[in-house]
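[1] the sequence and its predicted three-dimensional model are supplied below.
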Amino acid sequence: MRKSKVSFLFALVLMLSLMIAPVTQAMEDQTIDLDELLVADENHVINYNELRTDIIQKLSEAELQRLKDEIVSDYINRNPDAVLEIPLTDAQMQKATKQKESNIGELISRKQIQLDKQSKVESLNIGTNKTFSTSQIFTRANAGFSIASDISNRTKANFGTDGTGWADAKSDYQCPGGIGSGYAISSIGLVVPVTGSGSSKALVNIQGIYNGYMQVAGMTSGNLNTHAYTSVDVDIYEVNPSTGQLVSLVATSNIYSNGYVLSVLPNSFGGDISETLMPTLYAGKTYYFAITAYTESEMAWYDVFTWATADMYDDSANGASGGEGVDFTSVEVTLLYQ
């Protein structure tokens, strides 16, 4: 009797397996048809009810970008008279800037410069009894650092000293599947020890190029809990030469700073950097002359399919010179003797 029951159960399991297997295989073989996903009727209106997290996560980068493009087009078609761009208010900009300064300030106590050991580290010499100015030009970066606050598909940062040097950063949150907020910081520049004796005022001209874009879009974007923010600064840090630790921020100047709670179309930005700072440099200390890219975005709650992107990252080459990001060009230091 026991043997008969076992045989019956085995036969039942086998029969169910044969019935389920073709269905399971068909589901596995089924590919996502974006045309069916995006079109709900003859007017090419997107069926947002079908935009589930599991479906979106299966899309390739190209398919995801196409989906974003279609949503932007659909939003404009649905709202022909709608405002397509809403910048951060002055109060929101101040809050974002303060948060940036706080995030970067934390780096001073815990972040180390990564020095390219293959590059030649030149020095500046402060002489004595000189009554004229001397200039020195450095045309290649030899150090940098990067940090991202969240997982790589939401925040990422990178830098390299190949070429003349580059730094990339990106913050990208989207719903469904990517609710939250985070920042990415990347810096590229030159570590220079100062020799000689005494101190000297100096004109430090830092040059480079920056490019990127921000986009806050989607079916219900534009709420106060969604935003993208980007900033580019030139900085001079004192560095501990034995550990590479950032000791203090000696001087800084903001090159670009902007943000949006709504930017249906990608808002591109960029330009040349040629900024002069006037710090006092001391013999026996080491300095880091840098360009720093900072990105931040927030997507605080579920909003059908909405995204907030602050992009200064060259995705096509997985981070490199050219494209989105910062390119370092040169640093010229002129010592101003009294």
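    Received it, and whenever you're ready, just let me know what you need.

[2] how distant is stretch 70-78 from the center of its chain?
    Chain-centre distance of stretch 70-78: 26 Å, with CA atoms, centre = their mean, to the nearest Å.

[3] could you give me the average pLDDT of it?
    Taken as a whole, stretch 70-78 has an average pLDDT of 83.

[4] swap in stretch 166-178?
    pLDDT averaged over stretch 166-178 gives 87.

[5] same thing with stretch 150-163?
    On average, the pLDDT along stretch 150-163 is 90.

[6] what does that stretch contact?
    With contacts defined as CB atoms under 8 Å, 6 or more residues apart in numbering, stretch 150-163 is touched by 114, 116, 119, 140-149, 165-173, 178, 180, 182-188, 293, 295, 313, 318-321, 327. C-betas here are computed from N, CA, C, even on glycine.

[7] ok, which stretches of the stretch 201-338 of the chain are helices?
    In the stretch 201-338 of the chain, no helices are defined using DSSP state H, counting those that start in this stretch.

[8] quick one: low-confidence ranges for it?
    Low-confidence segments of the stretch 201-338 of the chain, defined by pLDDT under 70: 219-224, 302-303, 316-323, 338.

[9] sorry, back to before: now the buried members of the contacts of stretch 150-163.
    The neighbour-count test (16 or more other CB atoms under 10 Å) marks 116, 140-149, 165-173, 178, 182-188, 293, 295, 313, 319-321, 327 as buried among these.

[10] now intersect those residues with the helices, please.
    Among these, no member falls in helices (criterion: DSSP state H).

[11] ok, V192 touching K120?
    No: contact between V192 and K120 fails when scored by CB atoms under 8 Å: they sit 11.3 Å apart.

[12] okay, the two: which has more neighbours?
    More crowded of V192 and K120, by other CB atoms under 10 Å: V192, with 24 against 7.

[13] share the number of residues neighbouring the closest residue in space to S274 that isn't next to it in sequence, please.
    In this structure, S274 finds its nearest non-sequential neighbour in Q207, 5.0 Å apart by CB to CB, 6 or more residues apart in numbering. By other CB under 10 Å, the residues close to Q207 number 20.

[14] now do the contacts for Q207.
    By CB under 8 Å, 6+ apart, the neighbours of Q207 are D272, I273, S274, E275, T329, S330, V331, E332.

[15] bridging residues for the first one?
    Judged by DSSP bridges, the bridge partners of D272 are I209.

[16] can you name the residues that contact it?
    Here D272 is in contact with Q207, G208, I209 (CB under 8 Å, 6+ apart).

[17] at 10 Å what do you get?
    Q207, G208, I209, Y210, I255, D327, T329 (CB atoms under 10 Å, 6 or more residues apart in numbering).

[18] skipping its backbone neighbours, what lies nearest the residue most central in space within the chain in space?
    Central residue of the chain (CA atoms, centre = their mean): K170, 1.7 Å from the mean position. Of all residues not flanking K170 in the chain, Y313 sits nearest, at 3.6 Å (CB to CB, 6+ apart).

[19] pretty sure that neighbour sits against T230.
    No: applying CB atoms under 10 Å, one finds Y313 not in contact with T230, separated by 11.2 Å.

[20] quick check: neighbours shared by those two?
    Common neighbours of Y313 and T230 (CB under 10 Å, 6+ apart) are A169, K170, S171, G212, A293, T295.

[21] okay if I get the residues you listed as a markdown table plus distance to E70?
    Shown next, in a markdown table, are the shared contacts of Y313 and T230 (distance: CB to CB, whole Å):
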| residue | distance to E70 |
| --- | --- |
| A169 | 27 |
| K170 | 22 |
| S171 | 23 |
| G212 | 23 |
| A293 | 30 |
| T295 | 25 |
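
[22] and these, which is closest to A62?
    Within those, the smallest distance to A62 is 17.5 Å, found for K170 (CB to CB).

[23] could you pull up the residues touching that closest one?
    For K170, the contact set (CB under 10 Å, 6+ apart) comprises 148, 152, 154-158, 184, 186, 212, 230, 293, 295, 297, 309-315, 319, 324-325.

[24] what's across from it in the sheet?
    According to DSSP bridges, beta-bridge pairing links K170 with K156, D311.

[25] correct me, but Y48 touches I56?
    No: using CB under 10 Å, Y48 makes no contact with I56, being 11.5 Å away.

[26] shared neighbours of these two, anything?
    Residues touching both Y48 and I56 (CB under 10 Å, 6+ apart): F305.
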